[in-house]
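**Student:** coords below, sequence missing:
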């Protein structure tokens, strides 16, 4: 039985639905997807090279992916890892050896692309001009017993972490020699890192719940304990105002900020259940974007207000918003990388489960 109240509510509901569709369509038109050629390759990390092209590595197929931003052309290059192949495997990387579970790729200031080799404890250097691959052994077979670590370009070489090895390494651009710095806190689990505007190499200590700073000029460290609200600091790839470094905290569903001048911290918590922030980046306006493992959304924080904004990825959530967005997306796209490209004012991201790279034009 309809009452005037229910009729009014129904009209309002229909109006809201009718009004929402054009907005959703306009947002959907801002997305472009680039499916990988290799099935089940699972693109993980992503960056822009000095040549302006997008580069990604793959979690399960041992390849470097290259995308031309202007033409959309996608190429894949096999990584000649040195380990022998397994006798039995159903993954696409059979002929290339044991799956590396790679999830780090960064541009060197020498024009080459650097990619960590996950559990292999090797490091890959790809030359876009010649298509040549160099595979370096890190000399520490226990450096990454789990696949996750990170890298960041310095002036003279590429810095990278080895989480179970508890070290920060530097690959010299000219010689490929590796210099190792031991993190002072035992079992700290160094993961994400960034070379900040103060010249220091700042990094997260995922297991020790600290932020660390390496002084590259003398090899000394300084460490900053974090509050429980920022437990498991993970990836740190954004700096704002020349003093704030931003990082994800997976276990607490949060984004953290540390002031490199004072050491003070601030916590920004995503209220959605198990959203699981993974990587972050900063756009030209200073907004902090981050990916989420279980939510098929692009997300950003406006630092001046602390406001969270989410952008639904098109046609990816079968829940249809049931529960007011409380429940995780089904199926999850498993967004891992998120990266701002200023030349086309876009956010680039990877959908590991959907085997594709995406671009969202801001």
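**Tutor:** In hand now; what should we look at? Owing to the predicted nature of the structure, the values given are computational and were not obtained by experimental measurement.
**Student:** ok, residues contacting stretch 168-186?
**Tutor:** Residues from elsewhere that reach stretch 168-186 (CB atoms under 8 Å, 6 or more residues apart in numbering): 108-110, 112, 114, 123, 125, 134, 136, 138-140, 154, 156-162, 166-167, 190, 193, 201, 203, 205, 208, 210, 212, 214, 216, 219, 221, 223. To be clear about C-beta, it is placed using only N, CA and C from the backbone, and glycine gets the same treatment.
**Student:** now stretch 54-74: mean pLDDT?
**Tutor:** For stretch 54-74, the mean pLDDT works out to 95.
**Student:** what distance separates the start and the end of that stretch?
**Tutor:** Using CA to CA, to the nearest Å, the gap from the first to the last residue of stretch 54-74 comes to 9 Å.
**Student:** I'd say residue 210 and residue 227 touch.
**Tutor:** No: applying CB atoms under 8 Å, one finds residue 210 not in contact with residue 227, separated by 11.0 Å.
**Student:** how about low-confidence regions in this protein?
**Tutor:** Residues of the chain that meet the criterion pLDDT under 70 lie in 1-26, 82-100, 118-120, 141-147, 315-325.
**Student:** go with 50
**Tutor:** For the chain, the stretches with pLDDT under 50 are 1-23, 84-98.
**Student:** hey, where'd the helices end up in it?
**Tutor:** Counting by DSSP state H, the chain has helices at residues 4-28.
**Student:** For the residue nearest to residue 111 when sequence neighbours are not counted, list the residues it contacts.
**Tutor:** Of all residues beyond its chain neighbours, the one nearest residue 111 is residue 50 (4.8 Å), with distances taken as CB to CB, 6 or more residues apart in numbering. When contacts are counted by CB under 8 Å, 6+ apart, residue 50 is found next to 107, 109, 111.
**Student:** Please convert those to CSV, extending it with neighbour count and distance to residue 262.
**Tutor:** Supplementary listing: the contacts of residue 50 in CSV, determined by neighbours: other CB atoms under 10 Å; distance: CB to CB, whole Å:
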residue, neighbour count, distance to residue 262
107, 20, 31
109, 13, 29
111, 13, 37
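**Student:** As CSV, those residues with distance to residue 31 would be great.
**Tutor:** Below are these laid out as CSV (distance: CB to CB, whole Å):
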residue, distance to residue 31
107, 24
109, 31
111, 30
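**Student:** so how far is stretch 171-179 off the chain centroid?
**Tutor:** Average the C-alpha atoms of stretch 171-179, do the same for its chain, and the two points are 24 Å apart (CA atoms, centre = their mean, to the nearest Å).
**Student:** Any buried residues in it, and which?
**Tutor:** By 16 or more other CB atoms under 10 Å, the buried positions in stretch 171-179 come out as 171, 173, 178.
**Student:** what's the answer for stretch 215-233, then?
**Tutor:** 216, 221, 223-224, 226, 230, 232-233.
**Student:** Now render these as a markdown table, adding distance to residue 184.
**Tutor:** Shown next, in a markdown table, are the buried residues of stretch 215-233 (distance: CB to CB, whole Å):
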| residue | distance to residue 184 |
| --- | --- |
| 216 | 16 |
| 221 | 5 |
| 223 | 7 |
| 224 | 13 |
| 226 | 16 |
| 230 | 20 |
| 232 | 19 |
| 233 | 16 |
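**Student:** And the strands in the stretch 251-362 of the chain, which stretches?
**Tutor:** Taking DSSP state E, counting those that start in this stretch as the criterion, the stretch 251-362 of the chain carries its strands at 254-259, 265-269, 277-282, 288-292, 297-302, 307-312, 335-341, 346-351, 356-361.
**Student:** Pick the most buried one from those strands.
**Tutor:** Each of those was given a mean neighbour count from mean count of other CB atoms under 10 Å, and the largest, a mean of 26, is that of strand 288-292.
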